[in-house]
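Novice: Any chance you could fold what I've pasted below:
(4 chains)
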2 protein chains.
Amino acid sequence: MSLVRSSTIYDVAEHAQVSIATVSRVLNSPEHVNVRTRAKVQAAIKELNFVPRAEASARARKSACRIGVLAPFFTYPSFVQRLRGVAEALSDSQYELLIYNIDTSARRDLYLSHLPITRRLDGLVVMALPFATRYIDQLQAYGLATVTIEVPDSSLSSVIIDDEIGGQMAAGYFIELGHRRCGFIGDSEVPDYAIHTSDRRLAGYRRALADAGIDLPAQYLGLAPHGLDAARQLALRMFAQPHPPTAIFSPSDTQAIGVLRAARELGLQVPQDVAIIGFDDIEVADFIGLTTIRQPLNESGRVAVDLLLARLRDRERPPQIVQLPLTLVRRETA
Amino acid sequence: MSLVRSSTIYDVAEHAQVSIATVSRVLNSPEHVNVRTRAKVQAAIKELNFVPRAEASARARKSACRIGVLAPFFTYPSFVQRLRGVAEALSDSQYELLIYNIDTSARRDLYLSHLPITRRLDGLVVMALPFATRYIDQLQAYGLATVTIEVPDSSLSSVIIDDEIGGQMAAGYFIELGHRRCGFIGDSEVPDYAIHTSDRRLAGYRRALADAGIDLPAQYLGLAPHGLDAARQLALRMFAQPHPPTAIFSPSDTQAIGVLRAARELGLQVPQDVAIIGFDDIEVADFIGLTTIRQPLNESGRVAVDLLLARLRDRERPPQIVQLPLTLVRRETA
DNA sequence: ATTATCTGTGAAAGCACTTCCATGAAAGTA
DNA sequence: TACTTTCATGGAAGTGCTTTCACAGATAAT
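Specialist: Numbering: from 1, shown residues only, chains lettered A, B, ... in the order given. All right, here's what the predicted structure looks like:
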C-alpha cells in the first residue's frame, strides 16, 4: 500500500477556489466568513478528508496545545491515581497529555531545565517533586505555566493537603477507639527526588497523641525505606516486643498493607489485636478493606488541571493555593 | 519577572559568526564541521544557553519525536502496568510519550481517525482495543507505525499472549490439587471498545477440565459485567448452593479479589474450603497473596516499544508477532 | 602544470498553518 | 450624490529548524 499524502489547507483552498486565509477562517472563526463561501469550503474539507495538522496550527498561534505531567509515576502508586484526574480533566479539552516519568533527581532536573526552553508545552503539572528555586525562576522567566501538587510555592499555583492534620486524624481515631499503645511505621529515607510527607504525618500524629497524654516511645516508632516489604519487616519486629502496640499508623497504604501482612503472619487479629490505619486511599485499600486517611487523589489531578487551564486563559491570574480535605475512611482494619 | 525570549539558532549563528546551517550541523553531525568552527559554535551555544526547539527540529526533519499510547487506562488496572513498560523502554530515547485515554468507542474511533492524519506522532501503541479494518488501512496509508498489544493483525506488529493456555493452566493446577468442582466467574459483557479475553480464557479452562473428565455445569459458571463487586455478588450466590465449587478461576485479578472477599464474608477458608486463581498478576495480587496466572504486563509494553522503534528505524521491516509466556504464580489462595 | 577529488561552508527552499493589514464591494447615512 | 462604515476576502509575514545544492579553496593524482 502506497503512502498517502494527507491534504493541506492549500489543497482545500484550491479545491474551493478561495485563499488559504479563508479556509483558516472557516476553521477558526466561521462566523467571519460568508455563508456561501463557508459552505463551499466545508464541502471541500469534507471531500478531501482534511484534518488540520495540530502541529502547524499550534506553531502559528504560538501555543503547543500540550500539557505535561512530571512525576515519579511508578515509584508510588498514588501518582497514577492523580494522573487519572488529570486525564479526565483534560479529556474534553484540546490539550494533549504528555508524561514525563521521573526516576532520578538528575532526570527531574534535566526535564525542568529543558522543558521551559524548548517550548513544547503550554502547561506543566509537577507532582510531589521538590525542586530548586532557580527552576521556578526559569519556568516563570520562560513563561511556562506550572501547577504543583503537594509542593506549595508562593509564586506558583498549588494543590496541597495538610499532612499534619492527616496524622492527627489517625491519632484521634485511635484515641477514640481507646488505644493507648500507638505505633508508627513510616519512611526513613525518601528518594532524593521526592518530598517528605512521612515526617509531617508523623509530626501531626505525635502531637495529637501527646495532647491526649500519650507518648510515642522509640520502640513504637519504625522507619525504613519506602515499600511494602520493609514495612512488613519492621512490623514483625515491633509486634515481637513484650508490650507491642495495639494500633499502628502508616503514612501510606503500601506500608500499612505491609504491616497488615505482618500481623496476619503472626496470627494477630485485625483490628481486635491490632488496629491499622494507612494513608492515601489508593485503589487497593478498598480491595483489602484497609482503614485509611483518604486524600482526594483523583481530584488533586483535576484541580491542578483546572488551575492550569484558568491560568492559560488569563496569564495575569495570580497564583492560587488549593487545599483539599482529608477524610477518615473506616473499613475493616481499625 | 519579564518573559525571556529563548535564543534561536539564528542568535547562535550570529554570535559565532557562522551560518545557521553550520550551527545545525554542529548539533546534528558535528563530525562534518571543522574542529575550530565547531568549538566556536559550541561556545556560543553554551553562552546563549541555547536549546533547540524540538518542535522546529521535528518539523524540519518530518518526524514528531513522539510515541502515543492508546488504551482504556483507567478501566482496567493492567494497562497502567503496561504503560510502565512503555515508559521505561522510552526513557532513554528521544521520544516523548503521549497518553490517549479511551473511555468510549467513539473516542477510540476519533483518535484512530485523526491521529494518522494530523501527523503528531511517529508511532502508536494500541492496547487491547479491537478496531475496524478501515482504521488499520488508514494507519498504513498515512504511514503511522503501529504496534498492538493483545490484538493480533497480520499487517501490524503485535504483542500477544495465549489466553486459552492461560485458562488451561488454571484448570491444570486445580486438577493437580485434586479439585473436581471447579467454577468460573468472569465477564458477561465487555465495554464495546475493549476485547474479549474472558471468553478465551474460559474456553481453555473448560477444555482442560473436559480433557480430565470434569464438567463445568451452568451453576458453576458466573458471568457479570467486569468489576470487583459484580464478581463478589456472583460468588456469594455461587457459594450459597448446596454443592458449591471448591475452586474458582477468574479471568482477571480484580474479579478474583471480588471472589476472595465473598469467600471471606461467608467465613470460608481460602484455600482450604475454596481455592481461587486470578489472571494478570497486577500489583495488588502480590499485596494480598492472590494465586494467579501471570502475564508479563511490564514486558508487553517494553516489547511493543522495541518493535515500534525497530520499525521506525527500518520502515521496510515486516510485521512481527511476539507471544509472551504465561506463568502460574502460586501464592496463598490456591 | 593541470585536472580530479575532497572538505567546509553558506544560501535558500521547505514545512502548514494563523493573523495582521490592505483592498474592494456592498450597505448605510447625510 | 458623496461620504462613511461594515463585511468578505486575499496577500504576505512569521515561525526555527534541516537539508540539498553549489561553490570556493585546498589537496591529491596525473
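
Novice: any idea whether residue A:248 is helix, strand or coil?
Specialist: strand (DSSP: H, G, I helix; E, B strand; the rest coil).

Novice: how about the strands in the stretch 1-150 of chain A?
Specialist: Secondary structure of the stretch 1-150 of chain A (DSSP state E, counting those that start in this stretch): strands at A:66-71, A:96-101, A:123-127, A:145-149.

Novice: Can you lay out those as TSV showing mean pLDDT?
Specialist: Below are the strands of the stretch 1-150 of chain A laid out as TSV (pLDDT from 0 to 100):
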stretch	mean pLDDT
strand A:66-71	94
strand A:96-101	94
strand A:123-127	95
strand A:145-149	95
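
Novice: which stretch among these comes nearest chain B?
Specialist: strand A:96-101 (4.6 Å; CB to the nearest CB). All C-beta spots, glycine's among them, are computed from the backbone N, C-alpha and C.

Novice: now check that closest one, is it near chain B?
Specialist: Yes - on the criterion CB under 8 Å from any CB of the partner chain, strand A:96-101 is in touch with chain B at A:96, A:97, A:98, A:99, A:100, A:101.

Novice: packing partners for that strand?
Specialist: strand A:66-71, helix A:78-90, strand B:96-101 (3 or more CB pairs under 8 Å, 6 or more residues apart in numbering or on different chains; DSSP states H and E).

Novice: winner for burial among those?
Specialist: A comparison of the helices and strands packed on strand A:96-101 by mean neighbour count, using mean count of other CB atoms under 10 Å in any protein chain shown, puts strand A:66-71 on top with a mean of 25.

Novice: who does it pair up with?
Specialist: Taking DSSP bridges as the criterion, strand A:66-71 forms sheet pairs with strand A:96-101 (parallel), strand A:123-127 (parallel).

Novice: Contacts for it next, please.
Specialist: Residues outside strand A:66-71 that contact it (CB atoms under 8 Å, 6 or more residues apart in numbering or on different chains): A:58, A:79, A:82-83, A:86, A:90, A:95-102, A:108, A:111-112, A:115, A:120-129, A:305, A:308.

Novice: so can I have CSV of the strands of the stretch 1-150 of chain A showing distance to residue A:332?
Specialist: Converted to CSV, these look like this (distance: least, CB to CB, whole Å):
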stretch, distance to residue A:332
strand A:66-71, 30
strand A:96-101, 34
strand A:123-127, 30
strand A:145-149, 30
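
Novice: To DNA strand D, which of the ones you listed lies closest?
Specialist: With respect to DNA strand D, and counting by CB to the nearest atom of the strand, the nearest of the strands of the stretch 1-150 of chain A is strand A:66-71 at 15.7 Å.

Novice: Output the closest one as CSV, nothing but the C-alphas.
Specialist: Listed next in CSV are the C-alpha coordinates belonging to strand A:66-71 (Å, rounded to 0.1, in the frame of the first residue of the first chain):
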residue,chain,number,x,y,z
ARG,A,66,0.0,20.3,25.2
ILE,A,67,0.1,19.8,28.9
GLY,A,68,2.9,17.8,30.5
VAL,A,69,2.9,16.0,33.8
LEU,A,70,6.1,15.4,35.7
ALA,A,71,6.0,12.7,38.4
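
Novice: what's the residue closest to the geometric middle of chain A?
Specialist: residue A:82 (3.8 Å; CA atoms, centre = their mean).

Novice: That one and DNA strand D, how far apart?
Specialist: 32 Å (CB to the nearest atom of the strand, to the nearest Å).

Novice: wait, what's in contact with the residue of the stretch 51-200 of chain A found nearest DNA strand C?
Specialist: Using CB to the nearest atom of the strand, the single residue of the stretch 51-200 of chain A nearest to DNA strand C is residue A:60, 2.8 Å away. Listed by CB under 8 Å, 6+ apart, residue A:60 has no contact partners.

Novice: How confident was the prediction at it?
Specialist: With respect to pLDDT, residue A:60 scores 83.

Novice: rewinding a little: will you turn the helices and strands packed on strand A:96-101 into JSON lines that also has distance to residue B:136?
Specialist: Output for the helices and strands packed on strand A:96-101, formatted as JSON lines (distance: least, CB to CB, whole Å):
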{"stretch": "strand A:66-71", "distance to residue B:136": "27"}
{"stretch": "helix A:78-90", "distance to residue B:136": "26"}
{"stretch": "strand B:96-101", "distance to residue B:136": "17"}
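
Novice: Residues of the stretch 1-150 of chain A that sit close to DNA strand D?
Specialist: Counting by CB under 7 Å from any atom of the strand, the residues of the stretch 1-150 of chain A close to DNA strand D are A:17-22, A:25, A:32-34, A:36-38, A:59-60.

Novice: Thought residue A:246 was touching residue A:275, still the case?
Specialist: Yes - between residue A:275 and residue A:246 there is a contact under CB atoms under 8 Å: 6.8 Å.

Novice: If you count surrounding residues, which of the two has more?
Specialist: Higher neighbour count among residue A:275 and residue A:246: residue A:275, with 23 against 19, using other CB atoms under 10 Å in any protein chain shown.

Novice: tell me the contacts of that one?
Specialist: Contacts of residue A:275 (CB under 8 Å, 6+ apart): A:174, A:177, A:179, A:246, A:247, A:248, A:291, A:333, A:334.

Novice: Could you pull up phi and psi at the residue of the stretch 101-250 of chain A at minimum distance from DNA strand D?
Specialist: DNA strand D sits closest to residue A:119 of the stretch 101-250 of chain A, with a gap of 7.2 Å, by CB to the nearest atom of the strand. For residue A:119, the backbone dihedrals (degrees, to the nearest 10) come out as phi 60, psi 40.

Novice: near chain B, which residues of the stretch 151-300 of chain A show up?
Specialist: So far as CB under 8 Å from any CB goes, the stretch 151-300 of chain A lies against chain B at A:228, A:257, A:261, A:283, A:284, A:287, A:288, A:289.

Novice: May I see the residues you listed organised as a markdown table, with neighbour count, distance to DNA strand C and secondary structure added?
Specialist: Converted to a markdown table, these look like this (neighbours: other CB atoms under 10 Å in any protein chain shown; distance: CB to the nearest atom of the strand, whole Å; DSSP: H, G, I helix; E, B strand; the rest coil):
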| residue | neighbour count | distance to DNA strand C | secondary structure |
| --- | --- | --- | --- |
| A:228 | 20 | 50 | helix |
| A:257 | 27 | 51 | helix |
| A:261 | 20 | 56 | helix |
| A:283 | 20 | 40 | helix |
| A:284 | 23 | 45 | helix |
| A:287 | 20 | 47 | helix |
| A:288 | 21 | 51 | helix |
| A:289 | 13 | 53 | coil |
